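Trainee: Got a predicted model here, sequence first, then my questions.
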Amino acid sequence: MSAEGGQPAQPADGASGSDSAGSPEGFGWPAVSYELAVNGSPQRVADAWIGESLLFVLRERLGFTAVKDGCGEGECGACTVLMDGQPTAACLVPAAAAVDRAIETPEVHAVPRPDEVAAALAAHAGAGCGFCLPGIGMQLRALLARNLKPSPAAVREVLSGHRCRCLPPERFAAAADDAAQALARGHEQGLAHVPAQAGARTGEQAGTGAGAGART
Amino acid sequence: MAPGIAVADRAVAFPGSVHEALDAIAARPDATVVAGGTEVMALVNAGALYPTGLVVIDRVDELRGIWFAEQEIVLGAATTCADLMHSDVRGVLPALAQAARSLGSPGVRSRATLGGNLLSGKRSGGVTAPTPGRDLLTVLVALRAVAVCRSTDGWRQIPVNELYARDGGVELLPGELLTALRVPMSGGPQGFMKVGTRGGSARPVVTFALAADLAARTISCSIGGFSPAAVRVDHAGQWLAGHVDWDTGAIPEPTTYPRFARLIAEGLVVPGSAGPAGWTTAAVAEEYREQAAEICARRALVRALPPAGWLEQVREYQQRAEFLRHRARVDRAERGLPAEPPVPHQAGEQWGEPR
């Protein structure tokens, strides 16, 4: 959960490697192995309890720590990822049920170089603690992917599922407007006035999660 | 990558059809059936449920989607709330689309399903479940929907309110799968109102749905949040049907609205009820609940059946405003005053030229 240099958690692969076809000893909890398509690359998950949420598997097993663990009941929106392009609360998806779905985490959009949405969030909402920003970023990307000129009402509606305790919603509405304009103008121009550092620092607290794919 | 290969273990089953799903449930009666997972995973994350097996039915195409027939609309049980907000649904079942929209956040609605909403909360005779948010049930009860259940023995069709025991527990037989909801077509305005635990979409405290049938000249309404499962308030609907001008689909007498709301709020003592099915996240005083019900009823009625002459009043007001704009423009031009006010110029705003 640390902002910078957050090491991905220990991969739990070796934890229960003794048997692959059922319960790890001592618990009696059924475990399965499967493959998730995260950010376009297959990620192997071995011997995971079937009750583990997609959020837990992404963060603790695969090291995508830009996905934040907030409430665990779909209220806060910090864990929002895209599943087949749809914004989804990762804490409410059984990880085993996410097999065969294209999962996108904030890393693919903001590391190493922040995209328009991340840059706009860094410029407008960088003053907050940043915990909610990765989720808000994914939600805005889903919105802007289908509507490049969202009305203020549409922006507010998609933001309604995201709790931010630091900043007023106007900041995020402004960020959405900026991101929409930047996307419409084109990639190069849109990023010109925002230093890339700001995006990496506060826009999306990605840590080193994107590199975890090579490690597991 | 075929679903069956991706997860080799039998602990997680990915049936591709209703038959395969029933087989999977029969093979592992202890397994948890998961469509969206929003209800199940909330319990798992809270440590209230430890699934020993999963039957994931979100890939069963037979259970997803909406079928429009002449006499009825069939809603697949695994249709997501995001699909229920589609404009097609909004056209024929506006109350259901509204209820789906008032539920959760966009991230939850993209996974949460109709069947999962109806079957949330406790099982018959089971312990109280923490999330009794059956918003969609209120609408389906008002629309007199029929629940279609499938087991290996065959079909079972019952009115949706009979799916629940008196204590609010879901009475789904072992090995049974809720496949669809059949909603009889009723042409007419509908209304839905909800008071949640906070502003915006949230868990419900009080939900109210109202559906008018212009052909049969009947109104049915239902309320959720006062009894274990949503109930129809038939006496209020019958009373209201006598106070509607059915030729115009409007209400001539303005006092009908508060009187109807009072009727709803006073008839809330449901015989045999044991309180709401499970605790909500907010402990709400009974007076607040009653007041919320009254306001929900009034607003839903105002939205569904506007007062007679209301549209005429709006048009009159618009004409007056248009006349005023024209007169002011001419007036300023005659007195030689600038046409544009000292405000920043906005796109699409034309002060000077008459349109």
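Mentor: That came in fine, so what should we check first?
Trainee: can you give me the helices for chain A?
Mentor: Using DSSP state H, the helices of chain A run over A:54-56, A:107-110, A:116-125, A:133-146, A:152-159, A:169-185, A:187-191, A:196-198, A:212-215.
Trainee: One more: the stretch 251-355 of chain B?
Mentor: Using DSSP state H, counting those that start in this stretch, the helices of the stretch 251-355 of chain B run over B:256-266, B:286-304, B:310-334.
Trainee: Give me the contacts around the second one.
Mentor: Just to be clear, that refers to helix B:286-304. Applying CB atoms under 8 Å, 6 or more residues apart in numbering or on different chains, the external contacts of helix B:286-304 come out as B:189-195, B:205-212, B:221, B:223, B:225-226, B:236, B:240, B:251, B:256-258, B:260-262, B:264-265, B:268. Any C-beta I mention is one placed from the backbone N, CA and C, and that applies to glycine too.
Trainee: between that helix and helix B:256-266, what angle do the directions make?
Mentor: 140 degrees (axes from the mean of the first three to the mean of the last three CA atoms, to 10 degrees).
Trainee: thinking again about what came up before, between the helices of the stretch 251-355 of chain B, which gets the lowest average pLDDT?
Mentor: Lowest mean pLDDT of the helices of the stretch 251-355 of chain B: helix B:310-334, a mean of 86.
Trainee: which of the residues in that helix are buried?
Mentor: By neighbour count on 16 or more other CB atoms under 10 Å in any protein chain shown, the buried set for helix B:310-334 is B:Arg332.
Trainee: now do stretch B:114-123
Mentor: Result for stretch B:114-123 [16+ other CB under 10 Å]: buried residues B:Leu114, B:Gly115, B:Gly116, B:Asn117, B:Leu118, B:Leu119, B:Ser120, B:Gly121, B:Lys122.
Trainee: chain center to it, what's the gap?
Mentor: 13 Å (CA atoms, centre = their mean, to the nearest Å).
Trainee: For it, what does the pLDDT average out to?
Mentor: 84.
Trainee: Please put the alpha-carbon coordinates of that stretch into PDB.
Mentor: The C-alpha coordinates for stretch B:114-123 follow below in PDB (Å, rounded to 0.1, in the frame of the first residue of the first chain):
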ATOM      1  CA  LEU B 114     -31.300  -9.600 -11.400                       C
ATOM      2  CA  GLY B 115     -31.400 -13.100 -10.000                       C
ATOM      3  CA  GLY B 116     -28.700 -12.300  -7.500                       C
ATOM      4  CA  ASN B 117     -30.600  -9.300  -6.300                       C
ATOM      5  CA  LEU B 118     -33.800 -11.300  -5.800                       C
ATOM      6  CA  LEU B 119     -32.000 -14.200  -4.000                       C
ATOM      7  CA  SER B 120     -29.900 -12.000  -1.800                       C
ATOM      8  CA  GLY B 121     -30.400 -12.000   1.900                       C
ATOM      9  CA  LYS B 122     -31.200 -15.000   4.000                       C
ATOM     10  CA  ARG B 123     -32.300 -18.500   3.000                       C
END
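Trainee: does any part of that stretch sit near chain A?
Mentor: No - using CB under 8 Å from any CB of the partner chain, stretch B:114-123 stays clear of chain A, coming no nearer than 10.7 Å.
Trainee: want to try JSON lines for the helices of the stretch 251-355 of chain B, with distance to A:Leu62 as columns?
Mentor: Listed next are the helices of the stretch 251-355 of chain B as JSON lines, based on distance: least, CB to CB, whole Å:
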{"stretch": "helix B:256-266", "distance to A:Leu62": "51"}
{"stretch": "helix B:286-304", "distance to A:Leu62": "44"}
{"stretch": "helix B:310-334", "distance to A:Leu62": "56"}
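Trainee: Tell me where the model's unsure across the chain.
Mentor: Since you didn't name a chain, this refers to chain A. Along chain A, segments meeting pLDDT under 70 span A:1-28, A:187-216.
Trainee: that's the other chain; I wanted chain B
Mentor: B:1-9, B:122-132, B:199-202, B:267-283, B:347-355.
Trainee: How about it: which residue is closest to chain A?
Mentor: Across chain B, the shortest distance to chain A (CB to the nearest CB) belongs to B:Ser105, at 2.0 Å.
Trainee: if we can go back for a sec, so which of the helices of chain A is nearest B:Glu312?
Mentor: helix A:152-159 (27.9 Å; CB to CB).
Trainee: For residue 143, the count of nearby residues, please.
Mentor: The chain I'm using is chain A. 22 (other CB atoms under 10 Å in any protein chain shown).
Trainee: let's do chain B instead
Mentor: B:Leu143, neighbours per other CB under 10 Å, totals 24.
Trainee: Surely it and B:Ala99 touch.
Mentor: No - look at B:Leu143 against B:Ala99 with CB atoms under 8 Å: they stay out of range, at 10.8 Å.
Trainee: shared neighbours, the two?
Mentor: Shared contacts of B:Leu143 and B:Ala99, counting by CB under 8 Å, 6+ apart, come down to B:Ala209.
Trainee: Can you lay out the buried residues of stretch B:114-123 as JSON lines showing secondary structure?
Mentor: Output for the buried residues of stretch B:114-123, formatted as JSON lines (DSSP: H, G, I helix; E, B strand; the rest coil):
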{"residue": "B:Leu114", "secondary structure": "helix"}
{"residue": "B:Gly115", "secondary structure": "helix"}
{"residue": "B:Gly116", "secondary structure": "helix"}
{"residue": "B:Asn117", "secondary structure": "helix"}
{"residue": "B:Leu118", "secondary structure": "helix"}
{"residue": "B:Leu119", "secondary structure": "coil"}
{"residue": "B:Ser120", "secondary structure": "coil"}
{"residue": "B:Gly121", "secondary structure": "coil"}
{"residue": "B:Lys122", "secondary structure": "coil"}
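Trainee: Most widely separated two among those residues?
Mentor: B:Leu114 and B:Lys122 (18.8 Å).
Trainee: This completes my enquiry, with thanks.
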